[in-house]
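J.: I'd like to go over a predicted model; first the sequence, then the structure.
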Amino acid sequence: MNKRELLTKFLSSLDRFENTYESINKKINANKFSKKIESLMKNRIDLLKLLSPSKYKKKIKSLFNKKINLPNYLTTDGFLKGIRLFMQNKYSLTSNINKNKKIKRISNRSKIRNKLYLISNKNKELANGIKNRIVSIKYDFNNVFTKQIYAHLERIKNIKINISLANKNIKIDKESYTIGVAIYADHFLTVARVILNKDNQVLIKGVIEVPVTGDVIGDRQVEQKNELSNILLDLLALLKLEESPLLVVLSSSFFNVHTFYSSELKQISNTDNTVQSKSPYLPEETFIEFLDLSRNSEDDKLIRTVYCNRQLIESWTDTLDVLNIPIIGIVPSSPNVFDILKSKVQDETTILIEIEIAKTIVMIGRNSYNLTSHNIPYGSSLYVSENNSDLSNNYFQRILVSIELIVSEYQENLPSFIYVYGKGLDELIAKPFPLPTRFKRLSDMNLVDYSYLPKTMDIHESESNSIESTIETLSLITSCI
């Protein structure tokens, strides 16, 4: 076969390839590689000049020796892949397809992690099924990429999926009774209708949250008692609590806590100089409550002392007198919540913080119930912004430094976890997402069985984006009644 016949045969093959390509190109979308082929066909490279120089003989020989089974590519589902590989091998073209696939796989792995964080705690079987599915997957360890996937999924598998008891079905028995719970903090008043059964399980039947202006309740006391009593009467009437006993829970920032050993005091009395020295108020403005935390057999007893402004307590008691309903009591939030937490935590030092809008209350307990409180003059308000979602991390970094300074005064080390709750927490980080290292949500401890199903309530009105921490607080304190 002479040179011209060889060339003629090659051109004939090339024409057949062109016709086949044009037929298929009508059925598929053009891509970068097909456009390059089309450009090559339209330009009609002068093959005589391409083949005539002797320096191209080796390339031509390599082309004819290479086995390219075009009919197979055209008749299988992998045609596009075959064309792509052919162009990559012959013309050293690169494709972004593989890169895009890799980016997509990495994006999918990220979505898997986010979806696990967003799993609803309402379905325990679903959460466990996901974990079991991850355990059962088999991976090819010979491939570097699959090893990376395995490492990511192993981390996902080890995530502790806490199934909250907040939606647990709680039975109402003959011994169950209904009370009202009012929580005031950060100029928001929340009133709830609560049913307790014989097992101290809490069923929340209705919730109303309303803002209260500063001219009604000021920073130190109730300024307009009649106005506040009317607000309470309206809320109690809406929730059908006119004849039920009422428990009032006030913001922890109104109280200061200190614990003494009985040997430190001359007498357990408001007039004791050591007791008065820990009060942030003048002696005549101080209301003090004592709580004996020791066993009768102990000689040196622990005496918890709770300080509050006398005018604040009197303004609330005067307001509640107008309601003409049974009052269970007026209590601070954090000391009672701390006692419940401490019964479940065995660390020598336990730290609980309640985040409010303008303040943070740090509760540090040592040696069982030896408890002190510390009011930090900043809360969530400085670290909440729609334009900067990273501000919340700045809050936790700052509060951690503050806690380290407090703990260092007692020559102690930080415990494994710092437990967090409070209305400000709902503002900083939404419920499904985890807290920074060293911090743990109080709700993750499952300290109380309670049912909170807003969709099933006849009345559920809230001014805040989230009142999860408020519900957790009232459930914990109510369960101890």
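T.: Thanks, I have the structure now.

J.: Check residue 200 and give its pLDDT.
T.: Residue 200 carries a pLDDT score of 87 in this model.

J.: Need the contact partners of stretch 394-412.
T.: Contacting residues not belonging to stretch 394-412 are listed as 349, 351, 353, 360, 362, 364, 366, 374, 376, 378, 380, 382-383, 413-414, 418, 428, 435-436, 438-439 [C-beta atoms under 8 Å, 6 or more residues apart in numbering]. Every residue, glycine included, has its C-beta placed from N, CA and C.

J.: In that stretch, which of the residues would be classed as buried?
T.: 395-396, 399-400, 402-403, 407 (16 or more other C-beta atoms under 10 Å).

J.: Quick check, residue 335 in contact with residue 256.
T.: No: contact criterion C-beta atoms under 8 Å: residue 335 and residue 256 do not qualify, at 10.2 Å.

J.: what's the overlap in contacts for the two?
T.: Counting by C-beta under 8 Å, 6+ apart, the contacts common to residue 335 and residue 256 are 306, 373.

J.: the helices in the stretch 101-250 of the chain, which residues?
T.: 124-136, 144-157, 225-238 (DSSP state H, counting those that start in this stretch).

J.: Please disregard the earlier target; I meant the stretch 351-481 of the chain.
T.: 391-409, 423-428, 468-478.

J.: how about those helices, which one is nearest residue 307?
T.: Of all these, it is helix 391-409 that lies closest to residue 307, at 17.9 Å by C-beta to C-beta.

J.: hang on, the earlier thing: TSV for the buried residues of stretch 394-412, including pLDDT and distance to residue 422?
T.: Formatted as TSV, the buried residues of stretch 394-412 follow (pLDDT from 0 to 100; distance: C-beta to C-beta, whole Å):
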residue	pLDDT	distance to residue 422
395	95	12
396	95	13
399	96	12
400	96	16
402	96	15
403	95	15
407	91	20
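
J.: Turn the residues you listed into a markdown table, including distance to residue 287.
T.: A markdown table is the format used below for the buried residues of stretch 394-412 (distance: C-beta to C-beta, whole Å):
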| residue | distance to residue 287 |
| --- | --- |
| 395 | 32 |
| 396 | 33 |
| 399 | 28 |
| 400 | 33 |
| 402 | 27 |
| 403 | 28 |
| 407 | 29 |
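
J.: Quick check, pLDDT for residue 271.
T.: pLDDT, residue 271: 88.

J.: Next: the one 4 residues further on.
T.: Note on residue 275: pLDDT of 93.

J.: And what about it, helix, strand or coil?
T.: Reduced to three states with DSSP: H, G, I helix; E, B strand; the rest coil, the structure at residue 275 is helix.

J.: Residue 265 is in contact with that one, correct?
T.: Yes: using C-beta under 8 Å, residue 275 is in contact with residue 265, at 6.5 Å.

J.: Neighbour count for these two, which is higher?
T.: Neighbour count, other C-beta atoms under 10 Å: between residue 275 and residue 265, residue 275 has more, with 24 against 17.

J.: Now for the nearest residue to residue 302 once chain neighbours are set aside, how many residues are close by?
T.: Spatial nearest neighbour of residue 302, excluding adjacent residues (C-beta to C-beta, 6 or more residues apart in numbering): residue 293 at 4.3 Å. Residues near residue 293, counting by other C-beta under 10 Å, number 15.

J.: again with residue 237
T.: For residue 237, the neighbour count with other C-beta under 10 Å is 10.

J.: and the gap between it and residue 337?
T.: According to C-beta to C-beta, to the nearest Å, residue 237 stands 29 Å off from residue 337.

J.: And for residue 309?
T.: 21 Å.

J.: so which of the helices of the stretch 351-481 of the chain gets nearest residue 220?
T.: Minimum separation from residue 220 across these (C-beta to C-beta) falls at helix 423-428, 19.5 Å.

J.: Which PyMOL command selects the buried ones in the contacts of stretch 394-412?
T.: Burial among these is assessed by 16+ other C-beta under 10 Å; the matching PyMOL selection reads:
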select buried, resi 349+351+353+360+362+364+366+374+376+378+380+383+418+428+435+439
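
J.: hang on, the earlier thing: of residue 309 and residue 337, give the one with the bigger neighbour count.
T.: Taking neighbours as other C-beta under 10 Å, residue 309 and residue 337 compare with residue 337 leading, 25 against 20.
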